[in-house]
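Q: predicted model and sequence below, questions to follow.
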Amino acid sequence: GAVVSQHPSRVICKSGTSVKIECRSLDFQATTMFWYRQFPKKSLMLMATSNEGSKATYEQGVEKDKFLINHASLTLSTLTVTSAHPEDSSFYICSASGAEMAFFGPGTRLTVL
Amino acid sequence: DAKTTQPPSMDCAEGRAANLPCNHSTISGNEYVYWYRQIHSQGPQYIIHGLKNNETNEMTSLIITEDRKSSTLILPHATLRDTAVYYCIVRVWGGATNKLIFGTGTLLAVQP
């Protein structure tokens, strides 16, 4: 299957700082990427759909000004958690989507102190 | 909302077959059934997908009922490394923008 990478794999930051997470599709061009968040012992929750060259579409209840998404190229989407707070601590996972299936990155563990 | 329901957990003895059921009674004609699994603290891994015919790959088999309202993922010889949460998802085929909405999945625990 296709390879999707995320960077960093884990990050610890202080409350009030911003954190950027990168998602790269390494071997296919993804016009669409998805961002998910997963809390402990819970399922993946879709946050937003990231389309190359256009604004992201956010799911209901997800603050677009807090979770900034940029999809500047067919192989890179970034998620920036702005002014992070402890409740933003979670496992963030991206997915690169093709017509037939989607492939997932390994996830980024964010801990906000 | 997820359009699938799965049992929250199942146990299976190592070397035996694991049969993971999924109910998707409201599936639409253009929706495929996808299975992913997530090993602890990793991203989901694609397993298999199908529309209405049974599908098989090197790891698993997917059995879809004739009315397409339910399916079963079969791991013929489960190993300890197959311990994971298995997600059954329905998704419209043919569009990169079509979302994958996860339900609660089934935690499969393979016992030695």
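A: Perfect, thanks for sending it. No experiment lies behind these values; they were computed from the predicted model shown.
Q: make it CA atoms for all contacts and neighbour counts henceforth
A: OK.
Q: show me where the chain dips below the pLDDT cut-off.
A: Assuming you mean chain A. A:1 (pLDDT under 70).
Q: try again with chain B
A: B:1-2, B:95-97.
Q: which residues in it form helices?
A: Here chain B has no helices by DSSP state H.
Q: which parts of it sit against chain A?
A: Within chain B, the positions near chain A by C-alpha under 8 Å from any C-alpha of the partner chain are B:41-46, B:93-97, B:99, B:101-105.
Q: and the buried ones among these, selectable in ChimeraX?
A: To isolate the buried members of these in ChimeraX, using 16 or more other C-alpha atoms under 10 Å in any protein chain shown:
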select /B:43,44,45,46,93,96,97,99,101,102,103,104,105
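Q: and stretch A:54-71, anywhere near chain B?
A: No: Stretch A:54-71 stays clear of chain B (C-alpha under 8 Å from any C-alpha), getting no nearer than 10.5 Å.
Q: what's that stretch in contact with?
A: Contacts to stretch A:54-71, defined as C-alpha atoms under 8 Å, 6 or more residues apart in numbering or on different chains, come from residues A:46-53, A:77-83.
Q: pull out the buried residues from the residues you listed.
A: A:46-52, A:77-82.
Q: now do the strands in chain A.
A: For chain A, applying DSSP state E gives strands covering A:4-7, A:10-13, A:19-25, A:32-38, A:45-51, A:57-58, A:67-73, A:76-81, A:90-97, A:102-104, A:108-112.
Q: from the chain's centre, how far out does the fifth one sit?
A: So the one you mean is strand A:45-51. 8 Å (C-alpha atoms, centre = their mean, to the nearest Å).
Q: export that strand as CSV, just CAs?
A: C-alpha atoms of strand A:45-51 as CSV (Å, rounded to 0.1, in the frame of the first residue of the first chain):
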residue,chain,number,x,y,z
MET,A,45,-12.8,11.3,15.0
LEU,A,46,-12.7,13.1,11.7
MET,A,47,-11.7,16.8,12.1
ALA,A,48,-11.4,18.1,8.6
THR,A,49,-10.9,17.4,4.9
SER,A,50,-7.9,19.0,3.3
ASN,A,51,-8.0,19.7,-0.4
